[in-house]
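Novice: No sequence on hand, only this structure:
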């Protein structure tokens, strides 16, 4: 069975602060894919990133960066210099090779205050 | 930019009524999915569909649910006899490539409210 845990239910920061969203996963698959999605108040799911299990290189995209550590089964997401528009629910998700489904975490509600 | 479109954006129905949610996937995509999100909860997989048949379904996807691709563009989710607990946001998604590497593109969701 696959499981994704996002222990932080809610995070509140002040604009320009850096914030890290934690994601821990469980899977028996040796090859798998990890995702982050953003869900703004309007409700849609916006794809942010996909990583595969055999590429542990960290990635940076603008103010976003991702730290994948296979040894601790974690795939954390950091927003640098947060902005009010970053306020959303962020979901971490996992897809293994034993099926086609995405397994989502519970989500982290990020609120960035001006 | 191509996108997945869903209709209706919001539907209110009475318990026991049939509901059909419609999705138009991205035109060259081959794999289609339905997910649901009960208010305030996580997104849950319902079903995946490829080559005109269900390829995987979750325990949520019981006999009350069905999916269909009636023509070359639409992908529908039918709930035969809605229950209060079916109230949720339903997301359609499509994927071009098979397997596990492809990126899922989600629609904006259809909110279903069962009274």
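Specialist: Yep, that arrived. Values in this document were obtained by computation on a predicted structure and should not be read as measured data. Residues are numbered from 1 along each chain as shown, chains lettered A, B, ... in the order given.
Novice: near chain B, which residues of chain A?
Specialist: Counting by C-beta under 8 Å from any C-beta of the partner chain, the positions of chain A adjacent to chain B are A:31-33, A:37, A:42-45, A:47, A:50, A:52, A:91, A:93, A:95-97, A:99-107. Where C-beta positions appear, they are placed from N, C-alpha and C, glycine not excepted.
Novice: Which of the residues you listed are buried, as a PyMOL select command?
Specialist: Written as a PyMOL command, the selection of buried residues from the residues of chain A next to chain B, which uses 16 or more other C-beta atoms under 10 Å in any protein chain shown, is:
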select buried, chain A and resi 32+33+37+44+45+91+93+95+96+99+100+101+102+103+104+105+106+107
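Novice: In chain B, where is pLDDT below threshold?
Specialist: Counting by pLDDT under 70, chain B shows low-confidence ranges at B:98-101.
Novice: The helix-or-strand element of chain A with minimal mean pLDDT packs against which elements?
Specialist: Of all helical and strand segments in chain A, the minimum by mean pLDDT, DSSP states H and E falls on strand A:59-61, at a mean of 83. The elements that strand A:59-61 packs onto, with contact taken as 3 or more C-beta pairs under 8 Å, 6 or more residues apart in numbering or on different chains; DSSP states H and E, are strand A:46-52, strand A:64-69.
Novice: Which of the ones you listed sits closest to residue B:90?
Specialist: Nearest to residue B:90, of all these, is strand A:46-52, at 17.2 Å by C-beta to C-beta.
Novice: And the average pLDDT for that closest one is what?
Specialist: For strand A:46-52, the per-residue pLDDT values average out at 89.
Novice: Neighbouring strands - and their directions - for that strand?
Specialist: Each strand that pairs with strand A:46-52, with its direction, by DSSP bridges: strand A:32-39 (antiparallel).
Novice: Excluding covalently adjacent residues, which one is nearest to the residue nearest to the spatial centre of chain B?
Specialist: Centroid-nearest residue in chain B: residue B:34, 3.0 Å away (criterion: C-alpha atoms, centre = their mean). Closest residue to residue B:34 apart from its sequence neighbours, by C-beta to C-beta, 6 or more residues apart in numbering or on different chains: residue B:46 at 4.3 Å.
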